[in-house]
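Q: Pasting the sequence and the predicted coordinates here, then a few questions.
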Amino acid sequence: MDIKGKVFIVTGGASGLGEGTARMLAAAGATVVIADMQAERGEAVAREINGQFVRCDVSSEADAQAAVDKAVSLGKLMGLVNCAGIAPAEKTVGKKGAHPLATFSKTVTVNLIGTFNMIRLAAEAMSKNEPEATGERGAIVSTASVAAYDGQIGQAAYAASKGGVVGMTLPIARDLARSGIRNMTIAPGIFGTPMLFGMPQEVQNVLAASVPFPSRLGTPQDYAKLVHHIFENDMLNGEVIRLDGAIRMAPK
């Protein structure tokens, strides 16, 4: 796939991994639609990269469709990157009692259902594209987490939601193969995002040191480089790639 001149949607593109990806795509010559709940920040990033911002709750059918419609209005929609997500921490049974069901439900709704919602609507639009010379009509990259495999204490909801993203990667790729649309997932390890930067510095230092090599926090640029490669390498399909410096998470 030639990224230049194509249109891409990045959910969660106002910050963190999504922002890094949106900036990478714009630098490669793409038009980027940032779909995010953070309106002020999203609009600012969109202006900086000559893209467009759409306020979007990814779990809302209407919001997701609006983001896809905006992208299609700008040119040939060839890619979707799902970075929107939440990561609450609650033990199954904690000091205050049982894990709130509402928290579990919301996490799955945003991280798993929201990811599928965006995939199904973007893929429908891509399926109408004239194919590239390779026969490709589009590609999708979603974000899971190493928590899908190594979920820590307090991560039942988060790990379940990301495990769902991992689990649907291959069947969606198989579903979309006849339309010439690829589907991939990245499972990041410990990355320097606003979510992590909210932790005390000493905690950040310990987490960075726990990564075998390189012993540092991952960056949005690390993530964006892999997204770039996935879009350009059309043999990558139906797979989950751990991007984690060989870390395997301890219970806590």
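A: Happy to help now that I have it.

Q: So which other helices or strands are in contact with the longest helix along the chain?
A: When the chain is scanned for its longest helix (criterion: DSSP state H), the result is helix 156-176. Applying 3 or more C-beta pairs under 8 Å, 6 or more residues apart in numbering; DSSP states H and E, we find helix 156-176 packed against helix 101-108, helix 114-126, strand 138-143, helix 147-150, strand 181-188. In this view, the C-beta of every residue, glycine as well, is placed from N, C-alpha and C.

Q: and Asn82, bridged to which residues?
A: Note on Asn82: beta-bridge partners Thr11, Ser142, judged by DSSP bridges.

Q: Count the neighbours of it for me.
A: Per other C-beta atoms under 10 Å, the neighbour tally for Asn82 reads 28.

Q: Redo the helices and strands packed on helix 156-176 as JSON lines? Include mean pLDDT, mean neighbour count and distance to Ala27.
A: Shown next, in JSON lines, are those (pLDDT from 0 to 100; neighbours: other C-beta atoms under 10 Å; distance: least, C-beta to C-beta, whole Å):
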{"stretch": "helix 101-108", "mean pLDDT": "98", "mean neighbour count": "15", "distance to Ala27": "32"}
{"stretch": "helix 114-126", "mean pLDDT": "98", "mean neighbour count": "22", "distance to Ala27": "22"}
{"stretch": "strand 138-143", "mean pLDDT": "98", "mean neighbour count": "27", "distance to Ala27": "17"}
{"stretch": "helix 147-150", "mean pLDDT": "96", "mean neighbour count": "20", "distance to Ala27": "30"}
{"stretch": "strand 181-188", "mean pLDDT": "98", "mean neighbour count": "25", "distance to Ala27": "19"}
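
Q: Identify whichever of these lies nearest to Lys4.
A: strand 138-143 (14.8 Å; C-beta to C-beta).

Q: Please name the residues that touch the closest residue to Ala147 other than its chain neighbours.
A: Nearest non-adjacent residue to Ala147, counting by C-beta to C-beta, 6 or more residues apart in numbering: Ala159, 4.5 Å away. Residues in contact with Ala159 (C-beta atoms under 8 Å, 6 or more residues apart in numbering) are 145, 147-148, 151.

Q: Which of those residues sits closest to Ala35?
A: Nearest member of those to Ala35, counting by C-beta to C-beta, is Ser145, at 19.8 Å.

Q: Doesn't the closest one lie inside a helix?
A: No: according to DSSP: H, G, I helix; E, B strand; the rest coil, Ser145 belongs to no helix; its state is coil.

Q: mind giving me a markdown table with the helices and strands packed on helix 156-176 and columns for distance to Gly18?
A: Putting the helices and strands packed on helix 156-176 into a markdown table (distance: least, C-beta to C-beta, whole Å) gives the following:
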| stretch | distance to Gly18 |
| --- | --- |
| helix 101-108 | 18 |
| helix 114-126 | 12 |
| strand 138-143 | 9 |
| helix 147-150 | 18 |
| strand 181-188 | 12 |
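
Q: burial of Ala35, as a residue count?
A: Ala35 has 33 neighbours, counted by other C-beta under 10 Å.

Q: Go ahead and confirm it touches Gly13.
A: Yes: contact criterion C-beta atoms under 8 Å: Ala35 and Gly13 qualify, at 6.6 Å.
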